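>>> sequence-free structure coming up:
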């Protein structure tokens, strides 16, 4: 398969255009005008600014989520420390010999 060259594509595009009505008078090229190009550039700049602003929101969202996960991890760590202290206190209470003269004596 032979690749299509840009010259061939350009030639096909110009070949489809109708011939000038007058015998060789200048006709302006059909396409976008300078004003349209300036408007397009302005719109592209606005779109780029919005995209950059959207990226900033994404960074903030990820930062907030990481902060929430860190706070939750800290909460779980403190809770496990309290539970570990409670279990240690219960083990110490169970390891002590029973006091004499209690309710079953």
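Ah, there it is. Small disclaimer: the values here were computed from a predicted structure and weren't measured.
>>> Checking residue 30 next. Helix, strand or coil?
coil (DSSP: H, G, I helix; E, B strand; the rest coil).
>>> separation between residue 39 and residue 46?
Look at residue 39 and residue 46: by CB to CB, to the nearest Å, they are 11 Å apart. Backbone N, C-alpha and C define where each C-beta goes, glycine included.
>>> Show me the helices in the protein, by range?
Secondary structure of the chain (DSSP state H): helices located at 6-15, 34-95.
>>> The ones you listed: lowest mean pLDDT?
In terms of average pLDDT, helix 6-15 trails the rest of the helices of the chain, at a mean of 50.
>>> Just give me the neighbour total for residue 80.
10 (other CB atoms under 10 Å).
>>> The helices of the chain: which one's closest to residue 26?
helix 6-15 (15.8 Å; CB to CB).
>>> Distance to residue 26 added to the helices of the chain, as JSON lines?
Listed next are the helices of the chain as JSON lines, based on distance: least, CB to CB, whole Å:
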{"stretch": "helix 6-15", "distance to residue 26": "16"}
{"stretch": "helix 34-95", "distance to residue 26": "18"}
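>>> Residue 25: which of those is closest?
helix 6-15 (17.4 Å).
>>> The helices of the chain: which one's closest to residue 27?
helix 6-15 (12.8 Å).
>>> Count the neighbours of residue 49 for me.
With other CB under 10 Å as criterion, residue 49 counts 10.
>>> Buried residues, stretch 74-82. List them.
Buried residues in stretch 74-82, counting neighbours by 16 or more other CB atoms under 10 Å, are absent.
>>> Tell me how far that stretch lies from the chain's centre.
32 Å (CA atoms, centre = their mean, to the nearest Å).
>>> just stretch 79-95 next, same as before
45 Å.
>>> now do stretch 34-47
With CA atoms, centre = their mean, you get 26 Å for stretch 34-47.
>>> Run through who's touching that stretch.
With CB atoms under 8 Å, 6 or more residues apart in numbering as the test, stretch 34-47 has contacts from residue 32.
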